[in-house]
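>>> This is the structure alone, sequence omitted:
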């Protein structure tokens, strides 16, 4: 099955094609030696290319249609997944899925921004762009989780909160603001994992956690590279440059102390080996659940507040 | 007949209604173009006496029009912006900051401190739109948070006057995190039952509206201010439809239930004093300042 590929992957494809050609020929010692050689250089090439991705290339990987989305992670990592719908107020926003499941033996509450696998599903999911009722749906689930002492696991993957008339009329800003505030009061552990795109307030609206993890090729920023480019250069084509300037990769965010850890992806991105990706994510959830669940509630809430209290870089000049 | 060449009306470019105004003497309204004496306009708190258009005020004008005379005491004025991303577009962010600092005489887009409002002692934050569009980066986030922490410590009601296009792009993810930081401080205020009023002036949008500006116990707005999450241009491009009349203006947002009161500028101070008397009677420290709304 051919996965959609990017320009920067072309040298890899070329070698892969050569190998394919040789394998289809009648095998003899000379050919198999050649294949082994090519396979070795293929691996080196992959390490070389995928190990040196530019921020913009990572943004493209994060948006790959075949990249696993929230429900893929949820179904692979949890058992007894039971989806529940609606914000008990206005409607059911399909750009976000909410429900419950077991992580090993432990029941947990789960939230995930959901993109589609194809155009049809993307239209139904609104490309993972939530409306205010989506943020309220997520909060409703968090409160239920809190009530029954279930840790909350959140998967983030959104190109942004939806910019539309209805969204504004129903208080997009208020819904996000209130979620961010109230997530500081949720008395159970919250683990946030950015699995693809983390665009601005749309991501942060369900993104306050005791621990925030990020897949290696995900991005998280105050604005999308295209949005930034159209403001600064009035040209969306400058997105590659603004992706560079915005410092939006997992490595950058680790340096800026905004995330706690990076979760490695298989060579070439999560979509090249989803099962391995799920396994990595599972291990991190296990590690942090174990660390967070024994904490007394006041300590948990204090740590969460302190974590965000310390974010930001400024200069304090008291000499004047 | 239908196939006849259609006659096109040549639209002349509108004649610019240019009025030469000697500096400082007259004021031309940005909305209705009416000319008034500058001193009358200033005396009317920068509201056009003809059409009621509320001109933007800078932070020092706000302080004068909202709080008791000479009562404002600034704090944390030495918190200054850094350039953590080494952000660079056509100019370096650090150079841009210097330009804005020279232009406004401020270190960043907010001034905070304590003040009296009708004799009530309050913690006050006033945003400065002239400084990178009032955008919130690390300094605005830190100063807002300190303001709220101080309010809890000294039990002062909080008044924040907002004017901001949102989070500051040039500080990237750190700006986004200021939304979380300030909302965290709001959660603490909420828990401590410290009254918190936000005043939304033109414009209050995006990251600021989606954090502390929306979280007041009372959310007040000036008339006809742009208030919302996404910018109208972005929405227009996304949905490709004409936006409804008055969309994202104060009255529209109030009609949809997200603003408590829309107030003309002259009514702001007396109403704030009224609200303080309801929620924070303990904060009254002097009789100075004028009486409450009924006599205003």
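Thanks, I have it. As the structure is a computational prediction, the values presented were derived from the model and not from experiment. Residues are numbered from 1 along each chain as shown, chains lettered A, B, ... in the order given.
>>> Next to chain B, which bits of the stretch 201-320 of chain A? Give me the list.
A:201, A:204-205, A:207-208, A:220-223, A:227-228, A:231-233, A:245-248, A:252-253, A:256, A:258, A:305, A:308-309, A:311-318, A:320 (CB under 8 Å from any CB of the partner chain). For every residue, glycine as well, the C-beta is placed using N, CA and C.
>>> show me the residues around the residue nearest in space to the middle of chain A that make contact.
What sits nearest the mean C-alpha location of chain A, by CA atoms, centre = their mean, is residue A:195, with 2.0 Å. Neighbour list for residue A:195: A:68-70, A:73, A:155-157, A:215, A:218, A:270, A:281 [criterion: CB atoms under 8 Å, 6 or more residues apart in numbering or on different chains].
>>> re earlier: buried subset of the residues of the stretch 201-320 of chain A next to chain B?
Members of these that pass the buried threshold by neighbour count (16 or more other CB atoms under 10 Å in any protein chain shown) are listed as A:201, A:204-205, A:207-208, A:220-223, A:227-228, A:232, A:245-248, A:252-253, A:256, A:258, A:305, A:308-309, A:311-314.
>>> Mind checking which of the residues you listed are in helices?
The subset of these located in helices under the criterion DSSP state H comprises A:201, A:204, A:227-228, A:232, A:245-246, A:252-253, A:305, A:308-309.
>>> By pLDDT, give me the weakest of those.
In terms of pLDDT, the least confident member of these is residue A:232, at 86.
>>> Count the neighbours of the spatially closest residue to that one that is not a sequence neighbour for me.
By the measure of CB to CB, 6 or more residues apart in numbering or on different chains, the closest residue to residue A:232 outside its immediate chain neighbours is residue B:89, 4.5 Å from it. Taking other CB atoms under 10 Å in any protein chain shown as the criterion, the count of residues near residue B:89 is 18.
>>> which helices and strands does the lengthiest helix in chain B pack with?
Of all the segments of type helix in chain B, defined by DSSP H, the longest one is helix B:172-192. Where contact means 3 or more CB pairs under 8 Å, 6 or more residues apart in numbering or on different chains; DSSP states H and E, helix B:172-192 is packed against helix A:172-183, helix A:200-204, strand A:219-221, helix A:297-309, helix B:138-154, strand B:196-205, helix B:206-209.
>>> so which of the ones you listed comes closest to residue B:160?
Smallest distance to residue B:160 across the helices and strands packed on helix B:172-192 (CB to CB): 5.1 Å, for strand B:196-205.
>>> got the angle between that closest one and helix B:172-192?
Strand B:196-205 runs at 150 degrees relative to helix B:172-192, counting by axes from the mean of the first three to the mean of the last three CA atoms, to 10 degrees.
>>> Run me through the strand neighbours of strand B:196-205, direction for each.
Strand B:196-205 sits in its sheet next to strand B:158-164 (parallel), strand B:218-221 (parallel), strand B:227-228 (parallel), going by DSSP bridges.
>>> just to revisit the earlier point, return the residues in contact with the residue nearest to residue A:232.
If you count contacts by CB under 8 Å, 6+ apart, residue B:89 has them with A:232-233, A:245.
>>> Try it again at 10 Å.
By CB atoms under 10 Å, 6 or more residues apart in numbering or on different chains, residue B:89 lies in contact with A:228-229, A:231-233, A:238, A:241-242, A:245, B:96, B:169-170.
>>> By proximity to chain A, which residue of the stretch 1-150 of chain B wins?
residue B:138 (3.4 Å; CB to the nearest CB).
>>> ok, that residue - how many residues close by?
For residue B:138, the count of nearby residues is 25 (other CB under 10 Å).
>>> which bits of the stretch 1-150 of chain A sit near chain B?
Taking CB under 10 Å from any CB of the partner chain as the test, the list of the stretch 1-150 of chain A residues beside chain B reads A:129, A:132, A:135.
>>> related to what we said a few turns ago, mind listing the strands whichever strand or helix holds the residue nearest to the centre of chain A pairs with, and their directions?
Element membership for residue A:195 (DSSP states H and E) is strand A:190-199. Note on strand A:190-199: by DSSP bridges, its sheet partners are strand A:152-158 (parallel), strand A:211-215 (parallel), strand A:219-221 (parallel).
>>> can you pull the pLDDT of residue A:206?
Among the per-residue scores, residue A:206 shows a pLDDT of 98.
>>> An error on my part: the question was meant for residue A:28.
On the pLDDT scale, residue A:28 gets 87.
>>> What is the burial count for it?
If you count neighbours by other CB under 10 Å, residue A:28 ends up with 9.
>>> how close does it get to chain B?
As judged by CB to the nearest CB, to the nearest Å, residue A:28 and chain B stand 56 Å apart.
>>> gap between residue B:213 and residue A:290?
According to CB to CB, to the nearest Å, residue B:213 and residue A:290 sit 39 Å apart.
>>> counting contacts, what elements does the helix or strand where residue A:283 lies pack onto?
Using DSSP H and E, the secondary-structure element containing residue A:283 is helix A:274-292. Using 3 or more CB pairs under 10 Å, 6 or more residues apart in numbering or on different chains; DSSP states H and E as the contact definition, the elements that helix A:274-292 packs against are helix A:70-77, strand A:96-103, strand A:106-113, strand A:152-158, strand A:190-199, strand A:211-215, strand A:261-263, helix A:297-309.
>>> Flag every buried residue along it.
Going by neighbour count (16+ other CB under 10 Å), the buried part of helix A:274-292 is A:274, A:277-278, A:280-282, A:284-285, A:288-289, A:292.
>>> re the thing from before, I'd like the strands paired with strand B:196-205 written out as TSV, with distance to residue A:45 added.
Converted to TSV, those look like this (distance: least, CB to CB, whole Å):
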stretch	distance to residue A:45
strand B:158-164	48
strand B:218-221	57
strand B:227-228	49
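>>> can I get those in CSV with mean pLDDT and mean neighbour count?
Output for these, formatted as CSV (pLDDT from 0 to 100; neighbours: other CB atoms under 10 Å in any protein chain shown):
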stretch, mean pLDDT, mean neighbour count
strand B:158-164, 98, 28
strand B:218-221, 98, 23
strand B:227-228, 98, 28
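>>> Quick one: closest of the ones you listed to residue B:131.
strand B:158-164 (9.8 Å).
>>> can you give me the helices for chain B?
In order along the chain, chain B carries the following helices (DSSP H): B:38-43, B:59-66, B:93-104, B:138-154, B:172-192, B:206-209, B:232-239, B:250-255, B:265-279.
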